[in-house]
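K.L.:
What shape does this take:
(chains A and B)
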Protein chains: 2
Amino acid sequence: MTRVEFFWDVGSPYTYLASTQIEGLRQRTGVDVTYRPFLLGGVFKAVGHAAPLESAAKMRHMLHDLQRWADDYRIPMRLPGDVPFPLVTILPMRVAVAADAAGCGERYCQAVFRAYWAEGLDVSKPEVLAPVIAACSMDPTTILADVQTQDIKDRLRALTDEAVARGAFGAPTFFVGDDLYFGNDRLQQLEARLLTARS
Amino acid sequence: MTRVEFFWDVGSPYTYLASTQIEGLRQRTGVDVTYRPFLLGGVFKAVGHAAPLESAAKMRHMLHDLQRWADDYRIPMRLPGDVPFPLVTILPMRVAVAADAAGCGERYCQAVFRAYWAEGLDVSKPEVLAPVIAACSMDPTTILADVQTQDIKDRLRALTDEAVARGAFGAPTFFVGDDLYFGNDRLQQLEARLLTARS
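P.N.:
Numbers count the residues shown, from 1 in each chain, chains lettered A, B, ... in the order given. Down below sits the predicted model:
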């Protein structure tokens, strides 16, 4: 079975959009999707990018563009500016690593994206994350202690380093083997590729 | 009838991709498309962007991504690196303004995109442009003299300034009234919008 790796950071609005399409992609293609948390800020730093919003014009366009995608996908979405943005995502992404280890990686990914982008909650704060963690059948106290360990910190860094080594420069990043697909707006090409590979 | 404005610069590979889809868009939607040349370098300067390829990783991805689009569209395309890139496009874009004035704007746009991106010709050079101009039923000697006039230079600058004033920050840029669509990869959304407006 073909496998797709989905590298995600909760701070990225286009990755939220993509995250809402994963289940449909899986159902239509039969593909196995692996959720892989990473730290987008670390990626930008490693490849030498500025954050992608270099100008007021680009920012204005992004707000319209995000709303169009959310409308097309028929999903609730708050826009940057309505939510704290950009967000320091190191805590929620360390929680993602701990959630993976607990077998709840996908469920947590979906929950934390919804909490931030649909409900507008500031998921950089432990007290906001705690109920999200609990809703994924994990113990918040345990998980929030876990994420202070060097092991969890190292694993998130290793995931970020791995993505960069394989060519990532932003999010969402999808891999099918060595082939990299970048962006919510490449999901159709990715799906076409998966359907071709299957046939 | 709804009108779409298509702001183009021959130096942009994604704008070449988009240019090959205009005729199909027109046929499927009945929309009136106005070809509007501008200078992408002038846009970047005005909005304060660096050229979009900030990193080797992004450049590598772009080459794969362009090839995928060209394959999907079933069009010939040479990639940056196979053609001189980036190109100083001030001469071919001034010719575009002169071609518009001569009523050959669309035909020249299609011809100069093909010359550069399909045939790999260095269209920044007058001796390369001359046969392209001739193939559009214009006199190369007259046109290449025209483009030295202040009027043509001013008109290209005015088009660039207008695009920036209306929110452009890259190419291709499409406008439906005040609504801006950026990128070859937003053509589907643009088409859906046009079909909805028509129905």
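
K.L.:
So which residues of chain A form helices?
P.N.:
Under the criterion DSSP state H, chain A carries helices at the ranges A:13-19, A:22-29, A:40-47, A:56-73, A:90-101, A:105-113, A:126-135, A:140-146, A:150-165, A:187-198.

K.L.:
what's the closest of the ones you listed to residue B:45?
P.N.:
Between residue B:45 and those, the shortest separation by CB to CB is 12.6 Å, and it involves helix A:56-73. Glycine gets a C-beta too; all of them are placed from N, C-alpha and C.

K.L.:
Now do that closest one and helix A:22-29, the angle between them.
P.N.:
With axes from the mean of the first three to the mean of the last three CA atoms, to 10 degrees defining the directions, helix A:56-73 sits at 60 degrees from helix A:22-29.

K.L.:
what helices or strands is helix A:56-73 leaning on?
P.N.:
If you count contacts as 3 or more CB pairs under 8 Å, 6 or more residues apart in numbering or on different chains; DSSP states H and E, helix A:56-73 packs onto helix A:13-19, helix B:40-47, strand B:179-182, helix B:187-198.

K.L.:
The shortest one: which residues count as buried?
P.N.:
Using 16 or more other CB atoms under 10 Å in any protein chain shown as the test for burial, strand B:179-182 gives B:180, B:181, B:182.

K.L.:
same deal with stretch A:136-145?
P.N.:
A:136, A:138, A:140, A:143, A:144.

K.L.:
what about the second one, distance to residue A:16?
P.N.:
Residue A:138 sits 21 Å away from residue A:16, going by CB to CB, to the nearest Å.

K.L.:
For the helices of chain A, give me JSON lines that also has distance to residue B:163 and mean pLDDT.
P.N.:
Formatted as JSON lines, the helices of chain A follow (distance: least, CB to CB, whole Å; pLDDT from 0 to 100):
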{"stretch": "helix A:13-19", "distance to residue B:163": "24", "mean pLDDT": "98"}
{"stretch": "helix A:22-29", "distance to residue B:163": "36", "mean pLDDT": "97"}
{"stretch": "helix A:40-47", "distance to residue B:163": "28", "mean pLDDT": "94"}
{"stretch": "helix A:56-73", "distance to residue B:163": "10", "mean pLDDT": "95"}
{"stretch": "helix A:90-101", "distance to residue B:163": "38", "mean pLDDT": "98"}
{"stretch": "helix A:105-113", "distance to residue B:163": "35", "mean pLDDT": "98"}
{"stretch": "helix A:126-135", "distance to residue B:163": "42", "mean pLDDT": "98"}
{"stretch": "helix A:140-146", "distance to residue B:163": "49", "mean pLDDT": "97"}
{"stretch": "helix A:150-165", "distance to residue B:163": "35", "mean pLDDT": "98"}
{"stretch": "helix A:187-198", "distance to residue B:163": "28", "mean pLDDT": "93"}
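
K.L.:
The nearest residue to residue A:5 once chain neighbours are set aside pairs with what?
P.N.:
Of all residues not flanking residue A:5 in the chain, residue A:175 sits nearest, at 4.4 Å (CB to CB, 6 or more residues apart in numbering or on different chains). For residue A:175, the beta-bridge partners are residue A:5, residue A:180 (DSSP bridges).

K.L.:
Which residues of chain A lie near chain B?
P.N.:
The interface of chain A toward chain B, taken as CB under 8 Å from any CB of the partner chain, is made up of A:47-50, A:54-58, A:60-61, A:64-65, A:68, A:72, A:164, A:167-170, A:179-180, A:182-183, A:185-186, A:189, A:192.

K.L.:
By neighbour count, sort out the buried ones in the residues you listed.
P.N.:
Restricting the residues of chain A next to chain B to buried positions leaves A:47, A:49, A:54, A:57-58, A:61, A:65, A:68, A:164, A:167-170, A:180, A:182-183, A:185-186, A:189, with burial counted as 16+ other CB under 10 Å.

K.L.:
pLDDT score for the nearest residue to residue A:60 once chain neighbours are set aside?
P.N.:
Beyond its immediate neighbours in the sequence, the residue positioned closest to residue A:60 (CB to CB, 6+ apart) is residue B:167, lying 6.2 Å away. Predicted confidence (pLDDT) for residue B:167: 96.

K.L.:
Please list the outside residues in contact with stretch A:89-100.
P.N.:
Outside of stretch A:89-100, the residues within contact range by CB atoms under 8 Å, 6 or more residues apart in numbering or on different chains are A:8-11, A:35, A:37-41, A:105, A:107-109, A:112, A:116, A:123-126, A:129, A:133, A:136, A:138, A:143-144, A:146-147, A:152-153, A:155-156, A:159.

K.L.:
if you set the cut-off to 6 Å instead, what comes out?
P.N.:
By CB atoms under 6 Å, 6 or more residues apart in numbering or on different chains, the residues outside stretch A:89-100 that reach it are A:9-11, A:37, A:39, A:105, A:108, A:112, A:123-124, A:143, A:146-147, A:152, A:155-156.

K.L.:
biggest separation within those, which pair?
P.N.:
The most widely separated members of the contacts of stretch A:89-100, counting by CB to CB, are A:11 and A:146 (20.9 Å).

K.L.:
quick one: which of these two has more around it?
P.N.:
When residue A:11 is set against residue A:146 and neighbours are counted by other CB atoms under 10 Å in any protein chain shown, the residue ahead is residue A:11, at 25 against 19.

K.L.:
From what I see, the more buried one and residue A:88 are in contact.
P.N.:
No: contact criterion CB atoms under 6 Å: residue A:11 and residue A:88 do not qualify, at 8.0 Å.

K.L.:
picking that back up, confirm for me that the residue nearest to residue A:60 is in contact with residue B:180.
P.N.:
Yes: the pair residue B:167 / residue B:180 is scored as a contact, 5.0 Å apart, by CB under 6 Å.
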